[in-house]
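# prediction below, plus the sequence it came from.
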Amino acid sequence: MRSLEIEKVFPDPFEEDEEEIIEDRMDEESARELAFEQGVEEANNEMVDDWKEEEELE
């Protein structure tokens, strides 16, 4: 019995490249990390402002 071999000539548009998947995940994590860092920085700035106001009142 003969087996039929199919050679891919064009890439499957529905097949995701593993490298692209990894890059997408890294981009998502980077966006989350950036948002977290911005949130922390903003909270830190608010605390510093509060301390300055307290010092001015004293």
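Happy to help now that I have it.
# and the helix or strand harbouring Glu46, how far out from the chain middle?
Element membership for Glu46 (DSSP states H and E) is helix 18-57. Taking C-alpha atoms, centre = their mean, to the nearest Å, the mean C-alpha location of helix 18-57 is offset from the chain mean by 13 Å.
# number of residues surrounding Ala35?
10 (other C-beta atoms under 10 Å). Quick note: C-beta positions are derived from backbone N, CA and C, even for glycine.
# the one 10 residues further on too?
As a burial measure, the neighbour count of Asn45 was computed by other C-beta under 10 Å and equals 10.
# so how far is Gly39 from it?
Per C-beta to C-beta, to the nearest Å, Asn45 is found 11 Å from Gly39.
# tell me the mean pLDDT for the helix holding Glu46?
Taken as a whole, helix 18-57 has an average pLDDT of 84.
# report the buried residues of it.
Buried residues in helix 18-57, counting neighbours by 16 or more other C-beta atoms under 10 Å, are absent.
# can you check stretch 7-16 too?
For stretch 7-16, it's none, nothing buried (16+ other C-beta under 10 Å).
# now stretch 47-58, how far from the chain's geometric center?
Centre-to-centre, stretch 47-58 and its host chain are 35 Å apart (C-alpha atoms, centre = their mean).
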